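Asks: Structure for the following, please:
(chains A and B)
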Amino acid sequence: MRNNDRTKLLDEIRAIEFMTVELNLYLDTHPDDQKALNDYNSYTKQLMALKDEYQRRYGPLSNFGTAVSDYPWAWINSPWPWEFD
Amino acid sequence: MWIYEKKLEYPVRIKNPNPKMAKLIITQYGGPDGELAASLRYLSQRYTMPIPEAKALLTDIGTEELAHFEIVGTMVYQLMKGSSPEEIKAAGAADYFVDHGHGVYPQSAAGNPFTAAYIQSKGDPVTDLYENLAAEQKARSTYEYLIQVADDPDVIDPLKFLREREVVHFQRFGEALMKVQEYLESKKLF
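Replies: Here you go, the predicted structure:
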């Protein structure tokens, strides 16, 4: 059921993604803030790398053409967020 | 287009079921100041926002609210999960159980089903942004009341996260309102 390494990586992704969400909303109303934009881009690169690593190890986080799948179709088998997160 | 991400924005790991608390928290799923209402409100209002900052902000906050809708749904699911009908009855949640079993249904704590009457989309950007400022404060109050009646740290922790997001959204909507008002003033000069 619970995979500690997996959960740890997911928590890391969540922490970085939170920074991108927060900076994204801020940039919506402060589009000329260069420092915030630099932070956004830096966190976004970190987030993309972490998500790649996660998906290589544990299967797709997203579907509809955003991540490739092993055989058989992996999307249906990785845990759903309300069951395990 | 929306892309689903198979993870919660903030983790929910509730170890002890509590059907009574589920029946209260459901109000932030489908109640008057809940996350579904918030998301529908912003995603509907965005079409008539006059400036790019406001179009972006309503799209993005409307999207984040869907993530909160999922967090609250997960809380309700985990709080109901594994409870027997007897336990649910003893917890005072038999009324919810007879209509929805262990299912997650958008309703208020008092049992009123979700309705679009909870939201407004007025086609006037100033009116809509004032509504959103009020909506964020009402949601903040509701989370504070829920935190006051909760006693499980597993429940209180995600409620605190959600409460904090209302505060941030309120701040951003205030900035968008100022920018919209500046834009409308600038148009009057010509």
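
Asks: who in chain A is up against chain B?
Replies: In this structure, chain A approaches chain B at residues A:10-11, A:13-14, A:17-18, A:21-22, A:24-26, A:28-31, A:60-64, A:66, A:75, A:78, A:80-82, A:85, judged by CB under 8 Å from any CB of the partner chain. The way it works is simple: take the backbone N, C-alpha and C, and place the C-beta from them, glycine included.

Asks: can you do 7 Å?
Replies: A:10-11, A:14, A:21, A:24-25, A:28-29, A:31, A:61-64, A:66, A:78, A:80-82, A:85 (CB under 7 Å from any CB of the partner chain).

Asks: ok, residues contacting stretch A:74-85?
Replies: Counting contacts by CB atoms under 7 Å, 6 or more residues apart in numbering or on different chains, the residues outside stretch A:74-85 that touch it are A:1-2, A:10, A:58-60, A:63, A:69, B:6-8, B:11-12, B:70, B:73-74, B:77.

Asks: Are any of those residues buried, and if so which?
Replies: Applying 16 or more other CB atoms under 10 Å in any protein chain shown to the contacts of stretch A:74-85, the neighbour count classes A:10, A:58-60, A:63, B:6-8, B:11-12, B:70, B:73-74, B:77 as buried.

Asks: For the residues you listed, could you give me JSON lines that also reports pLDDT?
Replies: Formatted as JSON lines, the entries for the buried ones among the contacts of stretch A:74-85 read as follows, by pLDDT from 0 to 100:
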{"residue": "A:10", "pLDDT": "96"}
{"residue": "A:58", "pLDDT": "94"}
{"residue": "A:59", "pLDDT": "93"}
{"residue": "A:60", "pLDDT": "95"}
{"residue": "A:63", "pLDDT": "95"}
{"residue": "B:6", "pLDDT": "96"}
{"residue": "B:7", "pLDDT": "96"}
{"residue": "B:8", "pLDDT": "98"}
{"residue": "B:11", "pLDDT": "97"}
{"residue": "B:12", "pLDDT": "97"}
{"residue": "B:70", "pLDDT": "98"}
{"residue": "B:73", "pLDDT": "98"}
{"residue": "B:74", "pLDDT": "98"}
{"residue": "B:77", "pLDDT": "98"}
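
Asks: Mind picking the one among the residues you listed that's closest to residue B:166?
Replies: Lowest distance from residue B:166 to the buried ones among the contacts of stretch A:74-85 (CB to CB) belongs to residue B:70, with 16.4 Å.
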